[in-house]
Each structure stands twice: as structure tokens, then as C-alpha cells.
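Asks: Sequence isn't available, so here's the structure alone:
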């Protein structure tokens, strides 16, 4: 049995044994839903949100397959089998044909958020908290579970703002998809425990506006995701790729979209540079 499949099987066994007793009381206390955190010490509880998926069209994503399109900069459009659409680091500049169901934001720069989102967007998730409290998202929308792990960011005059950035994690179709946001500092063990498994990783590459290529490569290597999608800025992409040896495959896409499922994940980690990074 391949190592990744064995890991999934063990995680599933852990999850069932840990949370089966709560199933009978699901109406009173919803069971934790995080599969990606099965390797962590505890999984979060979720707040369920009513959502009706739109009619499926011939162009819709096939069952079990998630479509990921780079719209620009750090904004990806994630489209799920259940009809949920999510725009990451949404700034209002990169438009979709219809308003996304969910948008996530980070505030390091105005290119990663907007304070005037389209009112048709059902769920606007800020990566920063209010009144000094960290952002805390624990949300199920349709077939997708969304949570966040906060990190610190740099502030003006060499300062530091605690919990100013969020790594958003989307669990859908058995996949764990993570967007690092505007990551300024290397992660510590507590972050990795909170994140858990990531099959697909969206990682900023810019050589310093977030973190340098060497620091970012250490984060990527520790997470060891099957599919790595660079984002943010293209000029230093070759420097970033050079940080990874033959144990990683590297490829440049002919278009901005990739469709991925558990079955289609590459057996060897693949850094896949979508068009228009």
C-alpha cells in the first residue's frame, strides 16, 4: 500500500474511533469534521451553515473533482463538486462570472482584501480578527469545511502584528487544500499541528514581500503536499524552484486551471506553475 494511502487509512480509523460516540448526539453537538487535522491532537467543532447548491450545468466540476483556477496574484477560484465557489485573498479586482459563495481575505496589503466586497457574496471571511482577538473561522458551506490557522505579520517601522494573517484550509471531496496567505514568518510546530495534512498547497513566491525563497521552501518541504501551486509574483519563480531537488517534480501549465481529486494527486510532490502567476 502506498505511504500516502496508508496515512489516509490510518487517519480515517483515528477519526471514526475518536468521534463515533458523538454521532448519536449530532443534533445537540455537531461532531468535528476535520479530516485534515486527524494527525493533530484535536479536531475543531464546526458551525454548520445552510446552503443550497446551484443547478449543475454540463461545465460543472465532475463528481469528486475540484477545479482550481488562478485568477491573479494570490486569488484562486476553487469550485467544488457541490457547487460551492471560493475566491482566496479576494480583493475585488479579479472578477468571476458570478459572485463567489465564499471569499477569504488577508490584510498585509490592499491587493489581498477589500472592505467593500460584492454584497451578493454570502460569506466574507477576514484573515484578521477584531479588538485584538485572532480570527477564528470554523464553517461548513455545502460540501466544504473551511477553517483557518492564524500567523503573525510584519507591520510598519519594523514591528510585528500578532495574528494578522490566516492560513485558510478548505476540506472538500476528501482533499485538504491550504492557502498560506501573506506568510511573513516561518511556521512553528504548533502551526503544523493545527494545519494537519495538506494535499494541495498554495504558496506565495516573491523573494521577500512575504518570506525569502529559502524560508518559504522550508515551509513547503515540511508540509510535503502532493500538489504545490505557486502564487503572488512570477519574477523569482525559478529561484524558488531551484530550492527543490529531484524528489520534487516541476511543471509549467499551459493554462490557469487544474482539476484535482484524491485519485489524481501525483505520487511524487509536484510544483505546478499555473499560467499567469
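Replies: Arrived safely, thanks for sending. No experiment lies behind these values; they were computed from the predicted model shown.
Asks: low-scoring stretches of the stretch 51-200 of the chain, by residue?
Replies: 51-63, 108-113, 154-160, 163, 184 (pLDDT under 70).
Asks: in it, which spans are strands?
Replies: With strands called from DSSP state E, counting those that start in this stretch, the stretch 51-200 of the chain shows them at 66-72, 75-79, 85-87, 102-105, 123-126, 138-141, 144-154, 160-172, 175-179, 200-205.
Asks: I'd like those as JSON lines, with distance to residue 228 and mean neighbour count appended.
Replies: Glycine gets a C-beta too; all of them are placed from N, C-alpha and C. JSON lines is the format used below for the strands of the stretch 51-200 of the chain (distance: least, Cβ to Cβ, whole Å; neighbours: other Cβ atoms under 10 Å):
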{"stretch": "strand 66-72", "distance to residue 228": "12", "mean neighbour count": "21"}
{"stretch": "strand 75-79", "distance to residue 228": "13", "mean neighbour count": "24"}
{"stretch": "strand 85-87", "distance to residue 228": "19", "mean neighbour count": "25"}
{"stretch": "strand 102-105", "distance to residue 228": "19", "mean neighbour count": "26"}
{"stretch": "strand 123-126", "distance to residue 228": "23", "mean neighbour count": "18"}
{"stretch": "strand 138-141", "distance to residue 228": "25", "mean neighbour count": "18"}
{"stretch": "strand 144-154", "distance to residue 228": "18", "mean neighbour count": "22"}
{"stretch": "strand 160-172", "distance to residue 228": "14", "mean neighbour count": "21"}
{"stretch": "strand 175-179", "distance to residue 228": "10", "mean neighbour count": "26"}
{"stretch": "strand 200-205", "distance to residue 228": "5", "mean neighbour count": "25"}
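Asks: Could you work out which of those reaches nearest to residue 253?
Replies: Nearest of these to residue 253, taken as Cβ to Cβ: strand 66-72 at 8.9 Å.
Asks: ok, how many other residues are close to residue 131?
Replies: 4 (other Cβ atoms under 10 Å).
Asks: meant to ask about residue 261
Replies: Neighbourhood size, residue 261 [other Cβ under 10 Å]: 17.
Asks: follow-up on the earlier one: indicate which one of the strands of the stretch 51-200 of the chain is closest to residue 194.
Replies: Closest to residue 194 of these is strand 144-154 (Cβ to Cβ; 4.6 Å).
Asks: Which of the strands of the stretch 51-200 of the chain sits closest to residue 187?
Replies: If you check each of the strands of the stretch 51-200 of the chain against residue 187 by Cβ to Cβ, strand 144-154 wins as the nearest, at 7.0 Å.
Asks: So which elements touch that closest one?
Replies: strand 102-105, strand 138-141, strand 160-172, helix 189-195 (3 or more Cβ pairs under 8 Å, 6 or more residues apart in numbering; DSSP states H and E).
Asks: Pipe the ones you listed into TSV and attach distance to residue 229 per row.
Replies: What follows is the helices and strands packed on strand 144-154, written out as TSV (distance: least, Cβ to Cβ, whole Å):
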stretch	distance to residue 229
strand 102-105	15
strand 138-141	22
strand 160-172	13
helix 189-195	16
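Asks: Rebuild the strands of the stretch 51-200 of the chain as a markdown table, extending it with distance to residue 248.
Replies: Formatted as a markdown table, the strands of the stretch 51-200 of the chain follow (distance: least, Cβ to Cβ, whole Å):
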| stretch | distance to residue 248 |
| --- | --- |
| strand 66-72 | 19 |
| strand 75-79 | 21 |
| strand 85-87 | 26 |
| strand 102-105 | 27 |
| strand 123-126 | 31 |
| strand 138-141 | 32 |
| strand 144-154 | 24 |
| strand 160-172 | 21 |
| strand 175-179 | 17 |
| strand 200-205 | 12 |
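Asks: ok, residue 114 touching residue 92?
Replies: Yes - applying Cβ atoms under 8 Å, one finds residue 114 in contact with residue 92, separated by 4.1 Å.
Asks: tell me which element residue 251 is part of?
Replies: strand 249-252 (DSSP states H and E).
Asks: Now the helix or strand that that strand is followed by: buried residues?
Replies: Sequence-wise, the next helix or strand downstream of strand 249-252 (DSSP H and E) is strand 257-260. Buried residues in strand 257-260, counting neighbours by 16 or more other Cβ atoms under 10 Å, are found at 258, 260.
Asks: Cool, thanks, signing off.
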